[in-house]
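Chemist: have a look; sequence and predicted model below, questions after that.
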Amino acid sequence: MAYGRYEKGEREPSYQTVCFIAQTFHCNVDFLYGISDEMHTDYITISSAESPELYSLILELKKNHDMEKRILAYAKALSNVK
């Protein structure tokens with residue numbers, strides 16, 4: 001019901017709601033606000049609850065740039081394997 005009101009222009013969603021809608025529909029928040037013509041998002045949200053191993057890896061890579069370069073090189077090599 002609330003979403004229908006947003007579409008009709010009867011109500012304005014909060015920023016938190018806009019972020020939730022963008023995440024649900026895999027689109028850019030700026031696109032929903034009309035700031036950007038780019039619909040597709042340029043980021044991915046990683047939740048520690050949904051993917052604790054990947055979340056921990058990303059935190060470690062932020063601290064250790066040498067490890068980041070090595071992991072990215074390894075991932076690139078893996079993506080070229082057929």
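Modeler: Looks like it came in fine. Everything numeric in this text was worked out from a predicted model, so none of it was measured.
Chemist: C-alpha only now, for contacts and for neighbours.
Modeler: Noted.
Chemist: low-confidence ranges, this structure, go.
Modeler: 82 (pLDDT under 70).
Chemist: can you pull out the helices in the chain?
Modeler: 2-8, 15-24, 29-33, 52-63, 65-79 (DSSP state H).
Chemist: export these to CSV and tack on mean neighbour count and distance to residue 41?
Modeler: Converted to CSV, the helices of the chain look like this (neighbours: other C-alpha atoms under 10 Å; distance: least, C-alpha to C-alpha, whole Å):
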stretch, mean neighbour count, distance to residue 41
helix 2-8, 11, 21
helix 15-24, 14, 8
helix 29-33, 16, 8
helix 52-63, 13, 19
helix 65-79, 12, 21
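Chemist: would you format those as a markdown table with distance to residue 43 included?
Modeler: Converted to a markdown table, these look like this (distance: least, C-alpha to C-alpha, whole Å):
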| stretch | distance to residue 43 |
| --- | --- |
| helix 2-8 | 24 |
| helix 15-24 | 10 |
| helix 29-33 | 11 |
| helix 52-63 | 13 |
| helix 65-79 | 17 |
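Chemist: much appreciated, bye for now.
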